[in-house]
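Student: Build the 3D model from these lines:
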Amino acid sequence: MAVIYSKGWGGLHLLLRAYGSAIPRTLLASILSTALAAFLFYIPGKNYFQGLWRHPYPYQLFAFLVGFILVFRSNLAYARFWEGRSQLQLLSAHWADAVVKALTFEAVSAAHACANGAQGSDGSDGRQASHQQHRLDAFATRLLHSASLLHGLSLQHLRRDWCLANLSPHEPGGPPPPFDARGLRGYRVGWLELLTLRSRASARMRYHRAMPLPVLGGVSAEERHRLGEGRERAGGEETETLLTGLDQAFLQQPSGRAGLLQRLSMRLEVQTGVVFEGANTRAVTAYTWLHLLLAQAVPGWALPPPSTAGVWLQLSQGWAAFETCRKLVESPFPFPWAQMVAMLLLLYSVTLPAMMVGWLQDIWLVLVMNFMSVLTYWSLNEVARDLEDCFLYDPNDAPLARLQWEFNARLLGAAAAAGAQSTWVVHE
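Tutor: The predicted structure follows:
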C-alpha cells in the first residue's frame, strides 16, 4: 500500500489518521442502525421483542453466514491486491533488466569497435573512441527515454488516467514523489471524500494532477501528437478540449436531468478510457517504439544472436505482467457477489437492532453492542472494496508516481554504470 506508517505504540496512533481509513466510511451505517436500536427499545418497547425471540440461534446462523461471506471477500480482495502489486513489480523488473542488457551490449560493442580501430596504423583510434562514445550516449538517451515513457504510459493506463499532461519531465537529483498526496501543497482532501470511496472521475483526475508520473526527458510535442493528444472525443463528438480541460467540459453540459445524464455518461467514459480516441493504445504504441529502437541497434551489436535474445524475452515478460495488471483493472470484483454483500449488510444493519433489544437489558449496552457489530461488518466490506482495485483508489493504491520515479532512477544508474553520458545522468 502507499500509506507508510510506523508500528510504534501498539498501532494505536493509526486511529488518528482518517485519510485512507475505511472506518469513516462505515460510520453512517453504524449510526443509523444504532439509532434504529434506540427507537425500537422504546417503541414498540423491549417487552415486545423479548416475546418474539425464544432463542437467538436462527439469527446467529444468519450473522455467521454474513461474516463468513465478508471474510471470504476480504481474502479474495487481498489476493487481487497482492497479485497486482507483484505483477507491477515484475513489470518494472523485466523492463529495467531489458534496458540493462541493451546498454551492456551497446557498450561492449562500442568497446570492441574501439579496440579494432586501435589496431590500425592511421592514428585514428582517438576519433574512433570519440565516435563510439557519442554513439553510446545517443543510444542511451533514446533508450532511457523510450523505456521510461513506456513504463509511465503503462502506469497511466492502470490508474485510468488518460491525460498526457500528467506525464511530467523527470528531475534527476530532485526529491522523489511522496507515497500519497497527503501533505502536498495545494492538495486538500474534503470531508465528503473521507466518507466515501474516491471513485468519482473528478476526484481521481484531481489526484492524478497532484501526483504526475515523471518521464525521462518528458513527452515531446511530436510524441503527444502521435499518442493522440488533441484528438479526443467527448460524448461521441469531435472536440478540441484537451484532457486537462475536462472539468470545464463537464461544467459546459446543459443543466437539468438531460445534462446530469450527459455528465454521468462522460464520467463513465472517462473511467473506461473509451471517450478518448486511442487512449487504450498508448502503452502498446510506446512498446512498439521501443521495439523499433532496439531492432535498429541489434545488428550493430558485436554479440551472437542467442545472447541478445534476452532483451526481447525480458520485454515480452514485462508486457505479460502489464497485461495481468490490466486484467485486474478491467475485471472488477463480480457484480452479483458485490450486490449480494450489499444486500446482506443492509439486512443485517436493519434486523440486528431487534435482536439486541430482545436479548439485552440495558439501553446503553444495546447501543454499544449494536454499533460495534455493524461497524465491524461494514469495515470488513469497505477494506475489501478498497483493496480489490489496487491501482485506483488513493491513498491505498499502489504508489505509482513513486514507482515511476524509482524506475527512472534505476535506468539512470544503469546508464552511468555502462559508461553512457546520457542527457539525464547527473555527473559529479
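Student: Who are the contact partners of P306?
Tutor: Applying Cβ atoms under 8 Å, 6 or more residues apart in numbering to P306 gives no contacts. To be clear about C-beta, it is placed using only N, CA and C from the backbone, and glycine gets the same treatment.
Student: May I have stretch 7-21 as PDB, with CA atoms only?
Tutor: Output of stretch 7-21 as PDB, limited to C-alpha atoms (Å, rounded to 0.1, in the frame of the first residue of the first chain):
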ATOM      1  CA  LYS A   7       4.400   0.300  14.200                       C
ATOM      2  CA  GLY A   8       5.000   2.000  17.500                       C
ATOM      3  CA  TRP A   9       2.500   2.500  20.300                       C
ATOM      4  CA  GLY A  10       0.900  -0.800  19.500                       C
ATOM      5  CA  GLY A  11      -0.600   0.600  16.400                       C
ATOM      6  CA  LEU A  12      -3.000   2.900  18.400                       C
ATOM      7  CA  HIS A  13      -1.700   6.000  16.700                       C
ATOM      8  CA  LEU A  14      -3.100   4.700  13.500                       C
ATOM      9  CA  LEU A  15      -6.600   5.500  14.800                       C
ATOM     10  CA  LEU A  16      -5.800   9.200  14.400                       C
ATOM     11  CA  ARG A  17      -5.500   9.100  10.600                       C
ATOM     12  CA  ALA A  18      -8.700   9.400   8.600                       C
ATOM     13  CA  TYR A  19      -7.200   9.700   5.100                       C
ATOM     14  CA  GLY A  20      -7.000   6.200   3.800                       C
ATOM     15  CA  SER A  21      -9.100   4.700   6.600                       C
END
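Student: what mean pLDDT does that stretch have?
Tutor: Mean pLDDT, computed over stretch 7-21, is 82.
Student: Buried ones in that stretch, by neighbour count?
Tutor: By neighbour count with 16 or more other Cβ atoms under 10 Å, stretch 7-21 contains the buried residues 19-21.
Student: That one: how far from the chain's middle?
Tutor: 23 Å (Cα atoms, centre = their mean, to the nearest Å).
Student: one step back: rebuild the buried residues of stretch 7-21 as TSV, extending it with secondary structure and distance to F333.
Tutor: Shown next, in TSV, are the buried residues of stretch 7-21 (DSSP: H, G, I helix; E, B strand; the rest coil; distance: Cβ to Cβ, whole Å):
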residue	secondary structure	distance to F333
Y19	coil	23
G20	coil	20
S21	coil	21
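Student: Which single one of these is nearest to Q133?
Tutor: Nearest to Q133 out of those is G20 (Cβ to Cβ; 48.4 Å).
Student: correct me, but that closest one touches A181?
Tutor: No: look at G20 against A181 with Cβ atoms under 8 Å: they stay out of range, at 10.5 Å.
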